[in-house]
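A.B. asks: here is my input, please return the structure:
(one chain, ligands or ions: 1)
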Amino acid sequence: MSNNKNFVEKITNMDEDFAQWYTDVVTKAELVDYSSVRGSMIIRPYGYALWENIKDALDKRIKETGHENVYMPLFIPESLLQKEKDHIEGFAPEVAWVTHGGDEKLQERLVVRPTSEVLFGEHYKNIIHSYRDLPKLYNQWANVVRWEKTTRPFLRTLEFLWQEGHTCHETDEQAHEETVKMLNVYAEICEDILAIPVIKGQKTEKEKFAGAKYTYTIESLMHDGKALQSATSHHLGDGFAKAFGIQFLNREGKQEYVQQTSWGFTTRIIGAMIMVHGDDRGLVVPPRIAPTQVMIVPIAQHKEGVLDFAYDLKEKLSQTVRVGIDASDKKPGWKFNEYEMKGIPLRLEAGPRDIEQQQVVLVRRDTGEKLITPMEGLEAKIQEILEDIQINLLEKARSHRESKTSVATTFQDFKEQIEHKGGFIKAMWCGDQACEDKIKEETSATSRCMPFEQEKVAETCVCCGNEAKHMVYWAKAY
Ligand SMILES: [Zn+2]
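C.D. replies: Numbers count the residues shown, from 1 in each chain. Coordinates of the predicted model:
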């Protein structure tokens with residue numbers, strides 16, 4: 001296998017240089033290519049197939065929870081974006097402007113949407129009149145543009161793909177329920193489909209969405225001990241409704257402003273999947289979103305009957321799993337490495353001796369375990385192994401997160417842990433933004449969330465020593 005080793009060595013060791021490992025994986029596994037526009041990525045077929053599987057799973061749940069898909073325009077007039085003060089302040093530094101149409105200078109500049117709250121606001125004002133028009137539960141799948149200074153494929157790009165839900169409700173309580181419901185949908189997608197364990201909680205005032213009443217978030221931990229905000233769900237209150245005049249006649253016959261929410265989930269999550277499950281051999285893709293779940297590699301395929309057997313097997317297995325076959329004239333060792341790098345959950349090898357004995361060899365991507373499996377009952381066995389891989393990936397990620405989570409009760413502890421161990425730090429906070437700022441300045445860790453499951457790990461704020469109000473998860477983050 002010595003020639004195979006050379007091939008694998010092309011991927012940088014993750015503990016040596018995690019950033020380079022990430023770049024190697026996204027390019028060599030053919031997820032993305034760079035484009036000539038700085039910070040923009042070309043999502044290649046394998047990367048896009050991953051996104052489609054995530055999108056399908058999420059879209060199904062969005063519809064099951066009563067939402068309808070719509071499509072809003074790409075451009076926002078400057079005056080419309082400026083209607084909600086906090087919102088424009090939050091987004092102004094990173095919007096892309098359109099100033100000309102052809103040769104002609106536009107009378108009013110247009111923004112390429114960084115998010116679509118204001119477009120929905122304008123539309124909702126026109127279509128909502130009475131409580132009978134509520135709730136309005138809209139979602140759109142779209143691309144958005146944010147002019148980021150530093151970029152990395154999937155994690156931070158000038159343009160990315162996402163869905164954004166925008167809803168209107170009669171009451172604050174209903175909007176709250178919606179905010180929670182969609183956060184739970186996101187958590188389910190992360191844990192059940194992507195095998196990424198998440199912590200649910202609320203963002204601090206400093207970290208909340210520009211213009212929101214409050215923001216709920218799910219936070220996950222990457223292999224290198226940095227956190228990644230995986231999705232957010234915002235209760236917008238009636239701030240946008242007031243700015244846009246979205247009023248309805250309530251059940252008492254009075255005019256009232258609607259209560260709104262918005263929530264989003266992006267292609268960033270592919271970056272999370274890579275950094276949570278990947279290893280030194282490349283990607284590890286959870287079976288439930290894997291574009292190919294089983295890859296058949298015929299052994300000694302020039303020998304009589306081998307290819308026929310392999311193609312028959314593919315035909316048979318395609319009834320129950322997403323299965324591929326590589327019958328190219330490349331060496332089996334090359335193929336093994338290639339599909340390991342692409343993170344395909346299960347490899348199936350079949351050669352003359354296996355055929356004779358009515359068996360195949362299955363190799364798990366997550367553990368490397370080799371299983372000689374009889375042809376009889378093969379489909380059921382494959383299902384069982386794929387399920388087991390799915391569960392194993394979630395458990396592995398969860399125990400990695402636990403091993404990288406610590407408690408700090410003094411600022412000294414906090415600094416040492418962030419520097420030497422990384423990961424999540426659970427520490428108490430007084431609620432004052434000055435402490436949050438100081439922690440960020442001195443440690444570069446940010447408050448990730450105030451988890452819904454609060455613990456009292458100390459009486460006083462880790463930073464100033466005043467009385468503590470919340471336990472916060474802190475971490476350096478992507
Ligand atoms: Zn404090």
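A.B. asks: ranges for the strands of the stretch 201-350 of the chain?
C.D. replies: Assigned by DSSP state E, counting those that start in this stretch, the strands in the stretch 201-350 of the chain fall at 214-221, 227-237, 247-249, 255-257, 259-266, 294-298, 323-325, 346-350.
A.B. asks: dump the fifth one to CSV, keeping only the CA atoms.
C.D. replies: Meaning strand 259-266. The C-alpha trace of strand 259-266 is given here as CSV (Å, rounded to 0.1, in the frame of the first residue of the first chain):
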residue,chain,number,x,y,z
GLN,A,259,-45.3,40.5,15.5
GLN,A,260,-42.6,39.0,13.2
THR,A,261,-39.9,36.4,13.1
SER,A,262,-37.1,35.6,10.7
TRP,A,263,-34.8,32.5,10.7
GLY,A,264,-32.0,31.3,8.4
PHE,A,265,-29.9,28.3,7.6
THR,A,266,-27.0,28.6,5.1
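A.B. asks: show me where pLDDT drops low in the protein?
C.D. replies: Flagging of the chain using pLDDT under 70 yields the residue ranges 1-9.
A.B. asks: for it, what lies in contact range of the ion?
C.D. replies: Proximity of the chain to the ion (CB under 5 Å from the ion) is limited to residues 430, 432, 435, 461, 463-464. Glycine gets a C-beta too; all of them are placed from N, C-alpha and C.
A.B. asks: which residues does the spatially most central residue of the chain contact?
C.D. replies: By CA atoms, centre = their mean, the chain has its centre lying nearest to Ile269, at 1.8 Å. Applying CB atoms under 8 Å, 6 or more residues apart in numbering to Ile269 gives the contacts 54, 190, 194, 196, 230-231.
A.B. asks: will you turn the strands of the stretch 201-350 of the chain into CSV that also has mean neighbour count?
C.D. replies: Below are these laid out as CSV (neighbours: other CB atoms under 10 Å):
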stretch, mean neighbour count
strand 214-221, 25
strand 227-237, 25
strand 247-249, 18
strand 255-257, 15
strand 259-266, 26
strand 294-298, 26
strand 323-325, 19
strand 346-350, 22
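A.B. asks: can I get these in CSV including distance to Cys168?
C.D. replies: Shown next, in CSV, are the strands of the stretch 201-350 of the chain (distance: least, CB to CB, whole Å):
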stretch, distance to Cys168
strand 214-221, 17
strand 227-237, 9
strand 247-249, 8
strand 255-257, 10
strand 259-266, 5
strand 294-298, 45
strand 323-325, 45
strand 346-350, 46
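A.B. asks: do you know which of the ones you listed lies nearest Gln20?
C.D. replies: For Gln20, the closest of the strands of the stretch 201-350 of the chain is strand 227-237, at 18.3 Å, according to CB to CB.
A.B. asks: what is the orientation angle of that closest one with strand 214-221?
C.D. replies: Going by axes from the mean of the first three to the mean of the last three CA atoms, to 10 degrees, strand 227-237 is angled at 170 degrees with respect to strand 214-221.
A.B. asks: now for strand 227-237, which elements pack on it?
C.D. replies: helix 172-188, strand 214-221, strand 259-266, helix 268-277 (3 or more CB pairs under 8 Å, 6 or more residues apart in numbering; DSSP states H and E).
A.B. asks: mind checking which of these is nearest Val285?
C.D. replies: Here helix 268-277 is closest among those (CB to CB), at 7.3 Å.
A.B. asks: most residues in a single helix of the protein, which one?
C.D. replies: For the chain, the helix with the greatest residue count under DSSP state H is helix 378-403.
A.B. asks: dump the residue contacts of the residue of the stretch 151-300 of the chain found nearest the ion.
C.D. replies: The minimum distance from the stretch 151-300 of the chain to the ion, using CB to the ion, falls at Thr204 (11.8 Å). Counting by CB under 8 Å, 6+ apart, Thr204 touches 433, 436, 447, 450, 472.
A.B. asks: go on, Leu58?
C.D. replies: 163, 185-186, 189, 265.
A.B. asks: after the helix or strand encompassing it comes which helix or strand?
C.D. replies: Taking DSSP states H and E as the criterion, Leu58 maps to helix 45-64. Next in sequence after helix 45-64, counting helices and strands by DSSP H and E, comes strand 68-69.
A.B. asks: just checking, what packs against the helix or strand following that following strand?
C.D. replies: Next along the chain after strand 68-69, taking DSSP H and E as the criterion, comes strand 75-77. In terms of contacts (3+ CB pairs under 8 Å, 6+ apart), strand 75-77 is packed against strand 104-112.
A.B. asks: just the buried positions in the following helix or strand past the strand it packs on, please.
C.D. replies: Note on strand 104-112: by DSSP H and E, the next helix or strand toward the C-terminus is helix 117-127. In terms of neighbour count (16 or more other CB atoms under 10 Å), helix 117-127 has its buried residues at 117-125.
A.B. asks: let me know the closest of those to the ion.
C.D. replies: Glu117 (31.9 Å).
A.B. asks: what's the offset of the longest helix of the chain from the middle of its chain?
C.D. replies: 19 Å (CA atoms, centre = their mean, to the nearest Å).
A.B. asks: partners of the next helix or strand after it in the sheet?
C.D. replies: Later in the chain than helix 378-403, the nearest helix or strand by DSSP H and E is strand 405-407. In the sheet, strand 405-407 lines up against strand 424-429 (parallel) (DSSP bridges).
A.B. asks: now Val361. Nearest residue, chain neighbours left out?
C.D. replies: Of all residues not flanking Val361 in the chain, Glu349 sits nearest, at 4.2 Å (CB to CB, 6 or more residues apart in numbering).
A.B. asks: need phi/psi at the residue sitting furthest away from the middle of the chain.
C.D. replies: Within the chain, the residue lying farthest from the chain centre (CA atoms, centre = their mean) is Glu304, at 46.1 Å. The phi/psi pair for Glu304 (degrees, to the nearest 10) reads phi -60, psi 130.
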